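Novice: Based on what follows, work out the 3D shape:
(one chain, ligands or ions: 1)
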Amino acid sequence: MSAVPNAHSGQSGRETYKVTVPEILKKKSRHEPITCLTAYDYPTARVVDEAGVDIILVGDSLAMVVLGHHDTLAVTMDEMLHHTRAARRGTQRALLVADMPFGSYQIDLTGAVANAVRFVKEAGAEAVKIEGGEKRLELIARLAENDIPVMGHVGLTPQSVHALGGFKMQGKTLPAAEQLLRDAHAVEAAGAFSLVLESIPAEVAERITAELRIPTIGIGAGPGCDGQVLVLHDLMGLSFGVHPKFVRRYADLRAALDQAVRGFCTDVVKGGFPGEAETTHLAAEVREQWFTRQKAGLARSSTRP
Ligand code: KIV
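Specialist: Got it, this is the predicted structure:
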């Protein structure tokens with residue numbers, strides 16, 4: 001990664017170089033795999049950033065894995081901005097991308113651009129992600145013209161869950177695979193700097209990756225993409241419900257958290273918390289005075305009628 005001064009390092013003294021959009025593009029030409037994970041708040045963004053992940057995506061999957069909705073449709077602009085700001089504070093090295101939520105760009109172009117500007121101006125995002133292929137051509141071009149880098153997203157686009165009839169793999173028939181190829185080319189031609197390929201057959205993803213100049217970031221799209229993305233809560237083992245086949249759990253934080261919470265409850269109930277290690281006492285001389293006064297106070301109260 002080249003030496004790019006970091007505008008986000010502030011006073012913390014952490015990493016002074018960062019991943020930029022041109023660096024992500026160069027990674028494709030150098031055949032260097034791109035890593036991308038979601039994060040939605042300060043601590044998780046900080047851990048992901050410090051681990052050296054290239055792209056942090058404040059995904060609208062937030063609606064499901066953090067806010068407990070059944071799909072991604074309900075999350076609002078205000079909620080996405082709030083979480084992007086928190087992730088911004090934890091991110092110094094990675095490229096920070098904010099997902100535009102459902103309804104924030106399926107409107108007129110002016111409104112969509114204004115919403116994208118809010119992510120950059122009010123929340124510190126360095127790029128936005130937009131779902132859809134050919135139908136988003138004009139919007140992606142308008143954003144790119146205005147120097148807002150765009151990450152495209154085709155295949156299973158969760159914001160289209162009702163139109164698609166569920167969270168189903170896409171591009172399984174020849175016409176559907178060919179449409180995906182056209183969508184991918186449209187996103188690139190419009191000026192996007194990268195493209196998420198979600199839940200599509202590996203052969204289709206591989207072909208798209210070979211034909212595009214911009215990097216593809218796969219999730220459920222096989223190993224032939226330029227990079228891979230996972231939802232952090234799936235990777236950590238802190239998500240609930242059915243897990244797609246493409247998820248690999250790298251930890252079981254749900255079990256670890258459960259054990260920690262149960263440990264706390266047991267200790268409190270049995271008087272084991274707090275112990276001496278977690279307790280602060282008065283200094284010796286103050287302690288002596290404190291007890292002397294207490295005794296005097298008790299003596300006074302015991303002499304009252
Ligand atoms: O919202 C999200 O987390 C995403 C990724 C799965 C790419 O769109």
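Novice: how far away is the closest residue to the ligand within the chain from residue 132?
Specialist: At 2.3 Å from the ligand, residue 59 is the closest residue in the chain, using Cβ to the nearest ligand atom. In this view, the C-beta of every residue, glycine as well, is placed from N, C-alpha and C. Per Cβ to Cβ, to the nearest Å, residue 59 is found 16 Å from residue 132.
Novice: who has more neighbours, those two?
Specialist: Remark: of residue 59 and residue 132, residue 59 carries more neighbours, 31 against 20, as counted by other Cβ atoms under 10 Å.
Novice: Residue 100 is in contact with the more buried one, correct?
Specialist: No - contact criterion Cβ atoms under 8 Å: residue 59 and residue 100 do not qualify, at 10.7 Å.
Novice: what do those two both touch?
Specialist: residue 129 (Cβ atoms under 8 Å, 6 or more residues apart in numbering).
Novice: what's in contact with the lengthiest helix in the chain?
Specialist: Under DSSP state H, the helix in the chain containing the largest number of residues is helix 284-303. Applying Cβ under 8 Å, 6+ apart, the set of residues contacting helix 284-303 from outside is 281-282.
Novice: Would you mind extracting the C-alpha trace of that helix into CSV?
Specialist: The C-alpha trace of helix 284-303 is given here as CSV (Å, rounded to 0.1, in the frame of the first residue of the first chain):
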residue,chain,number,x,y,z
ALA,A,284,-5.7,4.6,55.8
GLU,A,285,-5.9,8.0,57.6
VAL,A,286,-9.2,9.0,56.1
ARG,A,287,-10.5,5.6,56.8
GLU,A,288,-9.6,5.9,60.4
GLN,A,289,-11.3,9.3,60.7
TRP,A,290,-14.3,8.0,58.8
PHE,A,291,-14.9,5.2,61.2
THR,A,292,-14.2,7.4,64.3
ARG,A,293,-16.8,9.9,63.1
GLN,A,294,-19.2,7.1,62.3
LYS,A,295,-18.8,5.8,65.8
ALA,A,296,-19.4,9.3,67.2
GLY,A,297,-22.5,9.7,65.0
LEU,A,298,-23.8,6.4,66.2
ALA,A,299,-23.1,7.4,69.8
ARG,A,300,-25.0,10.7,69.2
SER,A,301,-28.0,8.9,67.7
SER,A,302,-28.1,6.3,70.5
THR,A,303,-28.3,9.2,73.1
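Novice: can you tell me the average pLDDT over that helix?
Specialist: Averaging pLDDT along helix 284-303 gives 82.
Novice: do stretch 63-77 as well
Specialist: For stretch 63-77, the per-residue pLDDT averages 97.
Novice: in that stretch, what counts as buried?
Specialist: Residues of stretch 63-77 classed as buried: 63-67, 71-75 (neighbour count, 16 or more other Cβ atoms under 10 Å).
Novice: Specify which member of those residues is nearest to residue 189.
Specialist: residue 72 (26.5 Å; Cβ to Cβ).
Novice: Is it correct that the closest one is in contact with residue 79?
Specialist: No - with contact defined as Cβ under 8 Å, residue 72 does not reach residue 79; the gap is 11.3 Å.
Novice: quick one: common contacting residues for these two?
Specialist: 63, 101.
Novice: which residues in this protein form strands?
Specialist: In the chain, the strands defined using DSSP state E lie at 34-38, 55-58, 95-99, 127-131, 150-155, 194-198, 216-219, 227-230.
Novice: Format those strands as CSV; extra columns: distance to residue 290, mean pLDDT and mean neighbour count.
Specialist: CSV is the format used below for the strands of the chain (distance: least, Cβ to Cβ, whole Å; pLDDT from 0 to 100; neighbours: other Cβ atoms under 10 Å):
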stretch, distance to residue 290, mean pLDDT, mean neighbour count
strand 34-38, 52, 98, 24
strand 55-58, 51, 98, 30
strand 95-99, 52, 98, 28
strand 127-131, 59, 98, 25
strand 150-155, 62, 98, 28
strand 194-198, 63, 98, 29
strand 216-219, 61, 98, 27
strand 227-230, 56, 98, 22
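Novice: Turn those strands into JSON lines, columns for distance to residue 116.
Specialist: Converted to JSON lines, the strands of the chain look like this (distance: least, Cβ to Cβ, whole Å):
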{"stretch": "strand 34-38", "distance to residue 116": "19"}
{"stretch": "strand 55-58", "distance to residue 116": "13"}
{"stretch": "strand 95-99", "distance to residue 116": "9"}
{"stretch": "strand 127-131", "distance to residue 116": "5"}
{"stretch": "strand 150-155", "distance to residue 116": "8"}
{"stretch": "strand 194-198", "distance to residue 116": "16"}
{"stretch": "strand 216-219", "distance to residue 116": "19"}
{"stretch": "strand 227-230", "distance to residue 116": "20"}
